[in-house]
Structure formats: structure tokens, C-alpha cells
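> Provided below are the primary sequence and the corresponding predicted coordinates.
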Amino acid sequence: MSAILAPSRRELVRTAARRSLRRRHVMGRVFQGLCVVAMVAAVAPLVALVYYTVTRGVSTLSWAFLTHAPTPPFIPGGGISTAITGTAEIVGLAIVLAIPTSLLAALFLFERSGKLAAALRFSADVLTGVPSIIIGIFAYAVLVLPLHQFSTLAAAFALAVLMLPIMIRADEEAMRTIALDLWEAGIALGARRGRVARSVVLRGALPDLVTGNLLAIARAAGETAPLLFTLATPLAAMTLLIYTDGTQAFPSAQRTAWATALVLLSFVLLLSVAARLVAWRISRRAH
């Protein structure tokens, strides 16, 4: 009797195993399909945005458009050279203000622990979620009102405050990727903490530092709200020019806004790609 039942038990086990494998295979296919749907849903807005901007702005884009100064909407031949120059000046000055400060703060968070470090980390996290228009009002109260004038410095200060928390958290996480043993070994050999931070921590974390900082710069370069409270004319930055011309009733002004948006979108895209390429090149050299 037992000899007859033994094969049937083995057959039941095999059947159960086949059913379980078939069920797992079906569930795997289902979740793969859901992942594809989620990927398409995430990429579709970007593709639609790029397509819509390119189709609306490419007809106006030309070398003269990039090199000529702006003109009134009813006068043809205008360009956005002053807006490009102004954006470059503002973003460049913001980089000078933000990068050294974020590196020093990230080094402090990397080395120290305690209430002060926790307060700094919490402040950076909170500041990351502050709306950019509030940062613009803050820059207006700190620099524009005391100096009694709008300026590039005030705009750069606003963008630097906007970039600072992102850079601090990105720089700290980049430094955390360096093994703590390397830091302790450098200290044990008698090197100064500053030398170890410069030669070991910063050099090892350089690819991630470059990537995080460039992505923060790309995000700040597309901000409009802080510049509304710090710049006197919309011709001083591409984002303000897009906002001003895009809300006008003149078709020529709207075409200028779309072409400027295409230029700004291309700049942000190139900056993001450059961040990846620079990080990859630095990592390859390090290895």
C-alpha cells in the first residue's frame, strides 16, 4: 500500500512545484508590465514637453536671435543676447557663492556629530522644501531693500540660497561613500584633518560632488520666481524674458518666449548630460 502511495506523493509535490513556478512566472510578467507602464508615464511628460517646445520655438531660433539685443514686440530682428549674458552672470555668481559654502558645510557634517550637526542637517532638509518665491522675497528683504536697487548680486544670492541645501545634502552623501577607514588611516599617519579632507575625502568623492552640484545648478538656472523680486528688467535673464513675453498678446513676443524656452531647455539638458560625462570621466581616471 505504501509503495503505491509513494509515487502519488512525489507527483503531487511536482504538480505543486509546477503550479508555484507558473504562478511566479505570471506575477513576474505582470510586474514587469507595470514597471514598463510606470516608466512610460514618467518619461511621457518630458517627451511631450520637449516636443511641444521644439515645435513652437525652433522656427524662431537662429544665430541672429542668439546674438542680437532685444527689440520691442512690433520691431523685427530682436534677439536675447542680453538675457543670455545676464543668466550667465547670475548663475556664475551664484555658483561662486554656493559651492564653497556647501563644501564647508558638508565637510562639517561629515566630520562632526551632535546637536549642531543635526540642526544644520535639519535646516538643509527644511530649506530644500521652501518655495522658491519665498526665497526671492527673502533676497528682496536682505539685499534689494537695504541697497535701494535691484541687482545681479541680489538675484545671484537668491539662486545661491536655493542651491545651497541641495548641494549640502548631495556633497555630504558623496563624502559618505568614502570608506571611513581611509579617513582614520590618514589621521593615524599624522596628516592634518584639512589635508586628509582635501586629498582623500574630496578627491575620492569628486565624481559625485560634480554630479550633485551641476544638477543643483541646472535646477537653479530655470527658476523664475526669485528673479521677480531681485531684477529690475526681464531682459536681464532668460526665465524672466520667457515669463514676460509669454504673457503678452503679441504673436512675435510669444514666439520669442518659445524660442527662449528652447534655448534654456537645451542649456539645462546639456548641463545634465555634462554632469554625467564629467563624473564618468573623473571616475575612470580615479580607477
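Nice, I can see it. In this text, all values refer to a predicted model and were calculated from it rather than measured experimentally.
> what's residue 78 in contact with, if anything?
Counting by CB atoms under 8 Å, 6 or more residues apart in numbering, residue 78 makes contact with 65, 68-72, 256. All C-beta spots, glycine's among them, are computed from the backbone N, C-alpha and C.
> Lowest-confidence entry in the residues you listed?
Per-residue confidence across the contacts of residue 78 is lowest for residue 72, with 75 (pLDDT).
> Identify the residues contacting it.
Taking CB under 8 Å, 6+ apart, we find residue 72 in contact with residue 78.
> so which strand or helix has it?
Using DSSP states H and E, no element contains residue 72; it sits outside every helix and strand.
> Likewise for residue 12?
Element membership for residue 12, per DSSP H and E: helix 2-57.
> Helix, strand, or coil at residue 265?
Secondary structure for residue 265, judged by DSSP: H, G, I helix; E, B strand; the rest coil, is helix.
> Quick check: closest non-adjacent residue to it.
residue 53 (5.6 Å; CB to CB, 6 or more residues apart in numbering).
> any idea how far that neighbour is from residue 44?
For residue 53, the distance to residue 44 equals 15 Å [CB to CB, to the nearest Å].
> can you check residue 121 too?
Residue 121 sits at a distance of 35 Å from residue 44 (criterion: CB to CB).
> Have a look at those two and say which one is more surrounded.
Neighbours around residue 121 and residue 44, counted as other CB atoms under 10 Å, are more numerous at residue 121. The numbers are 16 against 10.
> Neighbours of the residue nearest to that one when sequence neighbours are not counted, how many?
If the residues on either side of it in the chain are set aside, residue 121 comes closest to residue 109, at 6.0 Å by CB to CB, 6+ apart. When counting by other CB under 10 Å, one arrives at 22 neighbours for residue 109.
> do the one 4 residues further on as well
Other residues within reach of residue 113 by the criterion other CB under 10 Å amount to 9.
> ok, it - contacts?
With CB under 8 Å, 6+ apart, residue 113 has no contacts at all.
> Could you list every helix and strand in contact with the strand or helix carrying the residue nearest to residue 121?
Under the assignment given by DSSP H and E, the secondary-structure element containing residue 109 is helix 81-111. Other helices and strands packing on helix 81-111, by 3 or more CB pairs under 8 Å, 6 or more residues apart in numbering; DSSP states H and E, are helix 63-67, helix 115-128, helix 152-176, helix 206-221, helix 238-246, helix 251-286.
> That helix: how far from the chain's middle?
In terms of CA atoms, centre = their mean, to the nearest Å, the centre of helix 81-111 is set 13 Å apart from its chain centre.
> got it, and stretch 52-69?
Between the centre of stretch 52-69 and the centre of its host chain there is 25 Å, according to CA atoms, centre = their mean.
> first vs last residue of that stretch, how far apart are they?
End-to-end distance of stretch 52-69: 26 Å, with CA to CA, to the nearest Å as the criterion.
> Stretch 237-254 too?
Separation of the first and last residues of stretch 237-254 by CA to CA is 16 Å.
> buried stuff in that stretch?
Within stretch 237-254, the residues that qualify as buried by neighbour count (16 or more other CB atoms under 10 Å) are 237-245, 252-254.
> List of residues touching it?
Taking CB under 8 Å, 6+ apart as the criterion, the residues outside stretch 237-254 that touch it are 70, 73-74, 76, 80, 83-84, 86-87, 90, 155, 222-224, 227-228, 231, 233-235, 256-258, 260-261, 263-264.
> how does it look with 7 Å?
Outside of stretch 237-254, the residues that reach it under the criterion CB atoms under 7 Å, 6 or more residues apart in numbering are 73-74, 80, 83-84, 86-87, 90, 222-224, 227, 231, 234-235, 256-257, 260-261, 263-264.
> Just the buried residues of these.
Buried members of those, scored by 16+ other CB under 10 Å, are 73, 80, 83-84, 86-87, 90, 223-224, 227, 231, 234-235, 256-257, 260-261, 263-264.
> Perfect, I'm done here.
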